[in-house]
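Asks: The following block contains a protein sequence and its predicted model.
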Amino acid sequence: MRIMLAPMEGVTDFHLRKILTGLGGYHRCVTEFLRVTDHLYPDRVFHKICPELKAGGVTDSGTPVYLQLLGSDTIALALNAARAVELGASGIDLNFGCPAKTVNRHGGGSALLRSPTTVANIVQSVREAVEPSVPVTAKIRLGFDDGSRVLETASLIEQAGATELCIHARTRADGYRPPAYWEQVYEVSRALSIPVIINGEIWSVQDSRLARKDSGCVDLMLGRGALSVPDLALHLKAVHDRGTGADDSVSTYQPLAWNAVVDMLRQLLESASDFPPKYAGNRTKQWLSYLKRGYPEATDVFDRIKRLRTVDDIAAALF
């Protein structure tokens, strides 16, 4: 079983990727998306979204980082993919799953799922733009309005040369509302010869077991679950390594203590110099809002800092 850290726009930036992968358990992570229109970006844009390029395309803990591209212009996507690889990206991931209305209105993200052939053309264009040894992966949802074409879309993605496919088991219309329909991925995972990775509503060891069973997938991708329980990947790996017959309710792995989580929050807050002062504490507050699900202490801390603006004020209240 491999575990991937999901790309979450406005959330899993360089600093959070560094913190979460530093705990261990991840096979790879993916950047927030780089929106491609009709031109090749200058190098500074790639370095901004993926500072790991300057370190061989891996995080400080050695976890490979794939650079994610989003758009519909096949030529521009190919040019930018090739440049990202030249700069050191470990792989290229293509976003066909973003449900944001603004993105969809401009023909990006999950809007492309209405035309599986367009998706395939994009994958093929990027595949041909980089060396065969470079992974080109894709992330999709079950569909735009429904999942009736997911197998068709997935098969065309494989034929176009993708090395792996991740499926968020909800449609664009579903958004992020539970549940995730893992069972709708089963036919795809059985039909494709490339790895299919399951994503969506994986918050715990039990969720992981059920998601893999229902979808037929071996590997999984963690998104919001990784933010709620920062060491979830390690927990899943510990249970998996104990064997398929092990009782999921019993684990030798000790969950991360709250004081260790606070140390990570401190690290994230210290990175706030990358943002305008008025928004400096936003990502720390955002992470705390996710941590409420896994740690009751997070609720009190969030209530103390939610109206604070400056880094100094937040740090004083947090620590």
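Replies: Sure thing, it's come through.
Asks: all helices for this structure, in order.
Replies: All helices of the chain, identified by DSSP state H, fall at 14-23, 43-49, 74-86, 101-105, 116-129, 150-159, 186-191, 205-215, 224-228, 232-241, 258-270, 282-291, 297-305, 311-318.
Asks: out of those helices, nearest to Pro276?
Replies: Pro276 sits nearest to helix 282-291 of all the helices of the chain, at 9.8 Å, using CB to CB. The C-beta positions use only the backbone N, C-alpha and C, and glycine is treated the same way.
Asks: chain center to the closest one, what's the gap?
Replies: When distances are taken as CA atoms, centre = their mean, to the nearest Å, helix 282-291 is centred 17 Å away from the chain's centroid.
Asks: Just the angle for it relative to helix 297-305, thanks.
Replies: Following axes from the mean of the first three to the mean of the last three CA atoms, to 10 degrees, one obtains 140 degrees for the angle between helix 282-291 and helix 297-305.
Asks: what comes into contact with helix 282-291?
Replies: 10-11, 13, 15-16, 224, 227-228, 230, 261, 265, 268-269, 272, 275, 298, 301-302, 305-306, 314, 318 (CB atoms under 8 Å, 6 or more residues apart in numbering).
Asks: Let's see that with 7 Å instead.
Replies: 11, 224, 227-228, 261, 265, 268-269, 298, 301-302, 305-306, 314 (CB atoms under 7 Å, 6 or more residues apart in numbering).
Asks: Can you say which two of those are spatially most distant?
Replies: The largest separation in the contacts of helix 282-291, counting by CB to CB, is between Arg224 and Ile314 at 22.3 Å.
Asks: So between those two, which is more surrounded?
Replies: Ile314 (23 against 17; other CB atoms under 10 Å).
Asks: Wait, the more buried one touches Gly281, no?
Replies: Yes - using CB atoms under 7 Å, Ile314 is in contact with Gly281, at 4.4 Å.
Asks: what touches both of those two?
Replies: With CB under 7 Å, 6+ apart as the test, Ile314 and Gly281 both reach 269, 305, 308.
Asks: Take those residues and write them to CSV, including neighbour count.
Replies: Formatted as CSV, these follow (neighbours: other CB atoms under 10 Å):
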residue, neighbour count
Leu269, 21
Ile305, 20
Leu308, 17
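Asks: Now do the contacts for Glu32.
Replies: Taking CB under 7 Å, 6+ apart, one finds 7, 9, 12-13, 49, 68 in contact with Glu32.
Asks: so which of those would you say is closest to Ser215?
Replies: Pro7 (19.5 Å).
Asks: Tell me the confidence at the closest one?
Replies: pLDDT for Pro7: 96.
Asks: contacting residues for it?
Replies: The contact partners of Pro7, by CB under 7 Å, 6+ apart, come to 30-33, 68.
Asks: Of the residues you listed, which belong to strands?
Replies: Secondary structure assignment by DSSP state E places 30, 68 of these in strands.
Asks: Filter the contacts of Pro7 down to the buried ones and express that as a PyMOL selection.
Replies: Selection command for PyMOL covering only the buried members of these, criterion 16 or more other CB atoms under 10 Å:
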select buried, resi 30+31+32+33+68
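Asks: Make JSON lines from the contacts of Pro7 and add distance to Asp241 and pLDDT to it.
Replies: Converted to JSON lines, the contacts of Pro7 look like this (distance: CB to CB, whole Å; pLDDT from 0 to 100):
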{"residue": "Val30", "distance to Asp241": "24", "pLDDT": "98"}
{"residue": "Thr31", "distance to Asp241": "28", "pLDDT": "98"}
{"residue": "Glu32", "distance to Asp241": "31", "pLDDT": "97"}
{"residue": "Phe33", "distance to Asp241": "33", "pLDDT": "97"}
{"residue": "Gln68", "distance to Asp241": "29", "pLDDT": "98"}
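Asks: Can you give me the domain assignment for this structure?
Replies: 3-241, 258-318 (automatic domain parsing).
Asks: Name the stretch among these that sits most buried.
Replies: Compared across the domains of the chain, domain 3-241 shows the largest average neighbour count, a mean of 20 (mean count of other CB atoms under 10 Å).
Asks: Endpoint to endpoint, it covers what distance?
Replies: End-to-end distance for domain 3-241: 13 Å, by CA to CA, to the nearest Å.
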